[in-house]
Structure formats: C-alpha cells, structure tokens
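> what's the 3D shape of this:
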Amino acid sequence: MGENTMEDVMDKVNIRELIEFERYCRDYMHWDEMRTCYHDDAYVVVSWMKGGVDAFIEGSRKRPAPAKHKIFDTLVWKNGARAVVECITAIQIRCEVDGDTVDLSTHTRLHYRVEKRDGLWKIVTMDAVYEKDTMKSAFTDGTFHASREELARFRPTYANMMLRQVKYGGVPNGEMAGEDRPESVRKLYEESSRWLGV
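The predicted structure is shown next:
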C-alpha cells in the first residue's frame, strides 16, 4: 500500500472493477457475465454453500430471495500476478419470514483471491468474514420478532442470516470466519498472505 507503480495502479483499477462487476452481476442476475469473472478452478465458501464456481452460480440462481450487495470500500493488496481483495459489504435481503415481510442486513467483508492468467485478472476464491446482522419487519406494525432464544442457537455475527436459512429449509455453515471467532479471521488472513507471497 502506498508505493504503487503505474502498472500496480492499472492492475488495481482492473481488479476493483472485476470484483464490483461480479457483485453487480450477482445482484442483477447476469449469470453468464458473472461466470466470466472466475477462473475455471475457482472455489467459493459462503454461509449457504462451499464448492466450485459453477455450483455457486447455479445455487445463486435458485436462491429463494434476491440479495443486494451494498459496497462501501474495495481494498486491493497485490504482489505480482496475484492479489487479495476485501470488499466491505452490507448484504440486504427483503423476504417473507413467518408470514411477515422482513429486511435482513448482514455486514461482512467479502474476501477474494484473484490471479492474472493469460493477461486477465479473474477470481480464484471467495470467502466471507461476518461482522454482525439484523432482521426485522419492514413495517412498524409488523409481526415478525426473532427471540433471543432462537438467535442464541447460532453464531452471533450472522445469527439472523442463519435463522432465515433454517426457516427456508437450508442448512447454514456455522464455521465461517467471523469477528466472534478472531482465530478464524486470523487463519484466513494468514492463508491468504502465504498464497500472496508476502
């Protein structure tokens, strides 16, 4: 950071555009364009799945409620033909839960590894670091209320997201990196630093 050559600057601009375009494609269901953002061997780990990029895109296509990713910052650490990227994001979902319309907001750091192959930057991995979330009725006179007992069954950094997934018949991954488990975040960063070669 802070000692960029002109090549670094151009690469970082291209990497940032790649990451933000990938999220745009996800939000607005441009599945073919989303696929072009990933290398063929890319691997994704999020709260509702882990697997190859094609399984991720197909799973995203079938998700029961649309998600929108509101991006605040995109940071890039680059070393040669590899880079680690964090996208500071709020995931927003409006959906039906227990007969009410609710808004779910999950604050996360989307964590990518990207690599330049044959002159093109594309995504190799995507993980997430969960920070906090909330879920409440969209209406002041709404009926939905998540009890402390319900939420206590799940990780505090993404308990509402996990509760919603269970109510939709899903089996959420309770082992994601999260601020409630600092060692999990440290492990992810150490692995990415080794991969980056720094």
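
> right, and residue 26 touches residue 60 too?
Yes: using Cβ atoms under 8 Å, residue 26 is in contact with residue 60, at 6.1 Å. All C-beta atoms are positioned from the backbone trio N, CA, C, and that covers glycine.

> overlap in contacts of the two?
residue 34 (Cβ atoms under 8 Å, 6 or more residues apart in numbering).

> Mind jotting down where the helices sit in the protein?
Ranges of helices in the chain, per DSSP state H, are 6-27, 31-35, 53-61, 148-151, 159-167, 182-196.

> In the fourth one, which residues are buried?
What that stands for is helix 148-151. Neighbour-count burial for helix 148-151, counted by 16 or more other Cβ atoms under 10 Å, picks out residue 151.

> Output the helices of the chain as CSV; include the columns distance to residue 140 and mean pLDDT.
Converted to CSV, those look like this (distance: least, Cβ to Cβ, whole Å; pLDDT from 0 to 100):
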stretch, distance to residue 140, mean pLDDT
helix 6-27, 27, 96
helix 31-35, 36, 97
helix 53-61, 32, 95
helix 148-151, 21, 94
helix 159-167, 19, 95
helix 182-196, 36, 98
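
> Let me know which of these is tucked in deepest.
Most buried of the helices of the chain, by mean neighbour count (mean count of other Cβ atoms under 10 Å): helix 159-167, with a mean of 20.

> Return the distance of the residue of the chain positioned farthest from its centre relative to residue 22.
The C-alpha centroid of the chain is most remote from residue 141, which lies 31.5 Å away (Cα atoms, centre = their mean). Distance of residue 141 to residue 22, given as Cβ to Cβ, to the nearest Å: 38 Å.

> what's the nearest residue to the residue nearest the centre of the chain if we skip its chain neighbours?
Central residue of the chain (Cα atoms, centre = their mean): residue 110, 4.1 Å from the mean position. Closest residue to residue 110 apart from its sequence neighbours, by Cβ to Cβ, 6 or more residues apart in numbering: residue 87 at 4.2 Å.

> Quick check: that neighbour touching residue 22?
No: the criterion here is Cβ under 8 Å, and residue 87 misses it with residue 22 at 9.2 Å.

> Tell me what the residue nearest to the centre of the chain is bridged to.
Per DSSP bridges, the residues bridged to residue 110 are residue 87, residue 128.

> do the one 5 residues further on as well
In this structure, residue 115 has beta-bridge partners residue 82, residue 122, where bridges are defined by DSSP bridges.
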